[in-house]
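A.B. asks: Sequence first, then the predicted structure, then my questions.
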Amino acid sequence: MISVCIVNWNTRDHLLACLASVAESRASAPLEVVVVDNASTDGSVEAVRRDHPDVKLIANGENRGYAAGNNQAIAASTGEFVALLNPDVVLPPDGLEAMAEFLRTHPEAAGVAPKLILPDGSVQRSVRDFPGPLEVFCELTRLSRVFPRSRRLARYWLPDLDYDTPQPVPQPMASCLMLRRSDLERLGGFDEAFPIFFNDVDLSYRLHLAGRLTYLLSSVCVRHFHGASTRQVRREMAWESARSLCAYYRKHYHGRLSPLIYYPLVSLIRLAGIVRWLASVSPRR
């Protein structure tokens, strides 16, 4: 069985469209669907109860964040494969079964992600390399934007990645990501020290350290209305992203990097977070 796990916050219309696309997948695969709502105020809970009574709904009294919400959903589900979906994706009818079949036939794979298509029909560059010191430095100094085709300076964005070829990839976005329950349980699920950002990066990195692979499955195309929740709180997210990246470095790089590299890099991350926060509160012309 496939367990579909969705964490929602104030994206009712996207959520209903996502659930409708999931419902169409029932013809090709046995499914259970778990929605965790993080104290939405837009009628999301009432709409799910009305339109999708077969969904297992967990309505939190407070916003517990993306990582904790996913852990709740995973704990409440039972399937061999766990499909993590953002509420702002729309699936093709056979997409979930195609991803599950890939995992059945590729035992070395812990997870599989589809190709994400933006509303304008373009392919979203949804796969990144892991944010090592060089990658982070090039991002913060904008060198990756000045030299977008450079394999070294723009390595974080994987400029040479062919999104039309199925292949192992470092860390795909978790907007639509199917994982084996056995691997999730072995790693203990999401680290809730990363409530909004970098929880999927941390999970992918821990899978990588365990020698497990995650694949891009280009034959499955999923529509993605990118950032439907986080756009509502841009100011808070500007700082939260920097805070989470600092936490990621504290977890995975403190003690591994020379202090002469670690502390200046973390300081640069914090400074970039402050600059982005200030830019988000500046009056718009």
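C.D. replies: Good, I have the coordinates. Numbers count the residues shown, from 1 in each chain.
A.B. asks: pLDDT on the stretch of helix or strand Asp13 belongs to, on average?
C.D. replies: Element membership for Asp13 (DSSP states H and E) is helix 12-24. Here helix 12-24 scores 96 as its mean pLDDT.
A.B. asks: Beyond it, next helix or strand please.
C.D. replies: strand 31-38.
A.B. asks: so that following strand versus helix 12-24, what angle?
C.D. replies: Using axes from the mean of the first three to the mean of the last three CA atoms, to 10 degrees, one finds that strand 31-38 and helix 12-24 are set 170 degrees apart in direction.
A.B. asks: Centre of the chain to strand 31-38, how far?
C.D. replies: In terms of CA atoms, centre = their mean, to the nearest Å, the gap separating the centre of strand 31-38 from the centre of its chain is 16 Å.
A.B. asks: Which strands or helices does that strand pack on?
C.D. replies: strand 2-8, helix 12-24, helix 44-51, strand 56-60, helix 66-75 (3 or more CB pairs under 8 Å, 6 or more residues apart in numbering; DSSP states H and E). The way it works is simple: take the backbone N, C-alpha and C, and place the C-beta from them, glycine included.
A.B. asks: Give me whichever of those is most buried.
C.D. replies: strand 2-8 (a mean of 25; mean count of other CB atoms under 10 Å).
A.B. asks: Need the residues that contact it.
C.D. replies: Residues outside strand 2-8 that contact it (CB atoms under 8 Å, 6 or more residues apart in numbering): 15, 18-19, 22, 29-38, 40, 44, 66, 69-70, 73-74, 77-87, 96-97, 100, 178, 181, 229.
A.B. asks: give me that answer again for 6 Å
C.D. replies: 15, 22, 29, 31-37, 44, 66, 69-70, 73-74, 77, 79, 81-85, 87, 96, 100 (CB atoms under 6 Å, 6 or more residues apart in numbering).
A.B. asks: now swap in stretch 14-33 and tell me
C.D. replies: Here stretch 14-33 has contacts from 1-4, 8, 44, 47, 52, 55, 87-91, 93-94, 96-97, 225, 228, using CB under 6 Å, 6+ apart.
A.B. asks: do that again at 8 Å, thanks
C.D. replies: Stretch 14-33 has contacts (CB under 8 Å, 6+ apart) with 1-4, 6, 8, 35, 44, 47-48, 51-52, 54-56, 77-79, 85-97, 100, 225, 228.
A.B. asks: ok, now stretch 198-210?
C.D. replies: By CB under 8 Å, 6+ apart, stretch 198-210 touches 66-67, 70, 110-111, 128, 130-131, 170-174, 177, 183, 186-187, 190-192, 194, 213-214, 241, 244-245, 247-248, 251-252.
A.B. asks: Just to be sure, which of these are found in strands?
C.D. replies: If you go by DSSP state E, these have Ala110, Gly111, Arg128, Gln171, Pro172, Leu177, Leu213, Thr214 in strands.
A.B. asks: Dump the residues you listed into CSV; add pLDDT, distance to Asn60 and neighbour count as well.
C.D. replies: Putting those into CSV (pLDDT from 0 to 100; distance: CB to CB, whole Å; neighbours: other CB atoms under 10 Å) gives the following:
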residue, pLDDT, distance to Asn60, neighbour count
Ala110, 97, 28, 25
Gly111, 98, 26, 27
Arg128, 96, 29, 20
Gln171, 96, 27, 24
Pro172, 97, 27, 23
Leu177, 98, 22, 23
Leu213, 97, 33, 16
Thr214, 98, 28, 23
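A.B. asks: Which members of the residues you listed are the farthest-apart pair?
C.D. replies: Ala110 and Arg128 (17.2 Å; CB to CB).
A.B. asks: picking that back up, now the helix holding Asp13: how far from the chain's centre is it?
C.D. replies: Mean-position distance between helix 12-24 and its chain equals 18 Å (CA atoms, centre = their mean).
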